[in-house]
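Participant: Following is a predicted model, sequence given first.
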Amino acid sequence: MVGASVGTPLMFCEVATYAGEGPIWVMIGLSGTVLTLMGVTSESRLRDLRTASRYLANLR
């Protein structure tokens, strides 16, 4: 977690210097892909959390 929280901002700072040189549709496409993957991952984790909470509730 610590590595990801430090590495992500550092990566964005490094990429930001080159972001303006490419076509704008590449940045839009990459942003859309990243946001879609984040949404799918968060929905999957939320479903797993609900399943685990139901399992724990049934143990009581």
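Facilitator: All right, it came through fine.
Participant: The spatially most central residue of the chain sits in which helix or strand?
Facilitator: Centroid check for the chain by CA atoms, centre = their mean gives residue 38 as the closest residue, at 3.6 Å. Using DSSP states H and E, residue 38 falls within helix 24-59.
Participant: Repeat that for residue 21.
Facilitator: Applying DSSP H and E, one finds residue 21 in no helix or strand.
Participant: Where does the prediction get shaky in this protein?
Facilitator: For the chain, applying pLDDT under 70 flags the ranges 1.
Participant: one more time with 50, if that's ok
Facilitator: Of all residues in the chain, none has pLDDT under 50.
Participant: Buried residues, the helix holding residue 38. List them.
Facilitator: Across helix 24-59, burial judged by 16 or more other CB atoms under 10 Å covers no residue at all. (Glycine included, C-beta is placed from N, CA and C.)
Participant: Who are the packing partners of that helix?
Facilitator: Helices and strands touching helix 24-59, as assessed by 3 or more CB pairs under 8 Å, 6 or more residues apart in numbering; DSSP states H and E, are absent.
Participant: ok, residues contacting the helix or strand residue 8 falls within?
Facilitator: Assigned by DSSP H and E, residue 8 belongs to helix 2-19. With contact meaning CB atoms under 8 Å, 6 or more residues apart in numbering, helix 2-19 is reached by residue 27.
Participant: What's the local residue count around residue 17?
Facilitator: As a burial measure, residue 17 scores 8 neighbours (other CB atoms under 10 Å).
Participant: Between its first and last residues, how far does stretch 8-27 reach?
Facilitator: For stretch 8-27, the first-to-last residue distance is 17 Å (CA to CA, to the nearest Å).
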